[in-house]
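1. pasting a predicted model and its sequence here:
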Amino acid sequence: MEAVILILGLLVVAFMVLGVYVSVKVIGAAKRGVDRTISQARRTVEDTTLRAKSYGQVGVAGELAQLRLSLRTSMRATQDALQAGVSEDASLSESLGLFQRLSKHGRELDDELKSLEREPDKATVTSLLPGLKERTGQITRSAESLRWAARDRARQFAGDDLAALNVQIDVEAGALRHWTTEEPVEGSRPDGPAEQGRVPGRAESAGPTSGPAGRQGHGQGPGDDGIAQAITAAGPRRETGYPWQKTARPETTN
């Protein structure tokens, strides 16, 4: 009796621990989902604001907004391309590591541009614009180089796979059309004009004979039940085996 109570107590404790573990996991996943949704919404709002500033404002504020928008767009596109390709191509992991190092410089530049938007001394900001444009160009060019290299690599692999697939399909199509190639019978060779008209694999009749064999005619002996008859169209009274084929009507006789 005591053993049963002990086992039941252990089961209750195990279920309680399992319930707490599952609850923690569910709460953590929900929190991460909420944080990700909030981050995406904040990023969307900020990108929309930068786009509006780059088109609606002139001067230093518009140029700073345009630099931030160009930097963020290029970095996000490169990140999406590398993360999508690394699951299929493990060699992109090194490129992803280089991009993470580049992202550090990109975040520092974005923070600097964001702080300069609130700078009241517009003359100083104007003097810093050439250097800021140069840094932005360096980062975006490096990001674009990684992005287009990854895309070219994926396109090249897809092209090679398609070429190999086309070769296999051509070989299979040739095998399906095997009846178009006439293979000569081993040991037979046309020796003269009378032999040039012979079809390989078909026995010629020696001449009209009497009896049941003679009534079969020329070229209709037992040896004709081969490839030639196999590819001959079926008779008009034979039932077709495909729904798209029409059954031939018999000839009417008066």
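-> Sure, I can see it. Residues are numbered from 1 along each chain as shown.
2. from the contact counts, what lies against the helix or strand harbouring residue 147?
-> Assessed by DSSP states H and E, residue 147 sits inside helix 122-176. On a contact count with 3 or more CB pairs under 8 Å, 6 or more residues apart in numbering; DSSP states H and E, helix 122-176 meets helix 60-86, helix 92-116. Where C-beta positions appear, they are placed from N, C-alpha and C, glycine not excepted.
3. most tightly packed of those helices?
-> Greatest average neighbour count among the helices and strands packed on helix 122-176 goes to helix 60-86 (a mean of 19), per mean count of other CB atoms under 10 Å.
4. about what we covered before: what's the angle from the helix holding residue 147 to helix 60-86?
-> 30 degrees (axes from the mean of the first three to the mean of the last three CA atoms, to 10 degrees).
5. if we can go back for a sec, can you add mean pLDDT and distance to residue 13 and give the helices and strands packed on helix 122-176 back as CSV?
-> Formatted as CSV, the helices and strands packed on helix 122-176 follow (pLDDT from 0 to 100; distance: least, CB to CB, whole Å):
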stretch, mean pLDDT, distance to residue 13
helix 60-86, 90, 42
helix 92-116, 92, 43
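6. nearest to residue 136, out of those helices?
-> helix 60-86 (4.9 Å; CB to CB).
7. and the closest one with helix 92-116, angle?
-> For helix 60-86 against helix 92-116, the angle by the same axes, to 10 degrees is 160 degrees.
8. what helices or strands is helix 60-86 leaning on?
-> Against helix 60-86 (3+ CB pairs under 8 Å, 6+ apart) you get helix 2-56, helix 92-116, helix 122-176.
9. from residue 13, how far out is residue 6?
-> 11 Å (CB to CB, to the nearest Å).
10. before we move on, back to that, save the helices and strands packed on helix 122-176 as JSON lines, and put in distance to residue 124 too.
-> Shown next, in JSON lines, are the helices and strands packed on helix 122-176 (distance: least, CB to CB, whole Å):
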{"stretch": "helix 60-86", "distance to residue 124": "10"}
{"stretch": "helix 92-116", "distance to residue 124": "9"}
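11. those helices: which one's closest to residue 177?
-> helix 60-86 (39.6 Å).
12. can you check what angle separates the closest one from helix 2-56?
-> Between the axes of helix 60-86 and helix 2-56, defined by the same axes, to 10 degrees, the angle is 140 degrees.
13. residue 119 in helix, strand or coil?
-> What DSSP: H, G, I helix; E, B strand; the rest coil gives for residue 119 is coil.
14. OK, contacts around it?
-> Taking CB atoms under 8 Å, 6 or more residues apart in numbering as the criterion, residue 119 is in contact with residue 125.
15. need the phi and psi values for it.
-> phi -80, psi 120 (degrees, to the nearest 10).
16. distance of it from residue 61?
-> 10 Å.
17. overlap of the contact sets of these two?
-> In contact with both residue 119 and residue 61: no residue, using CB under 8 Å, 6+ apart.
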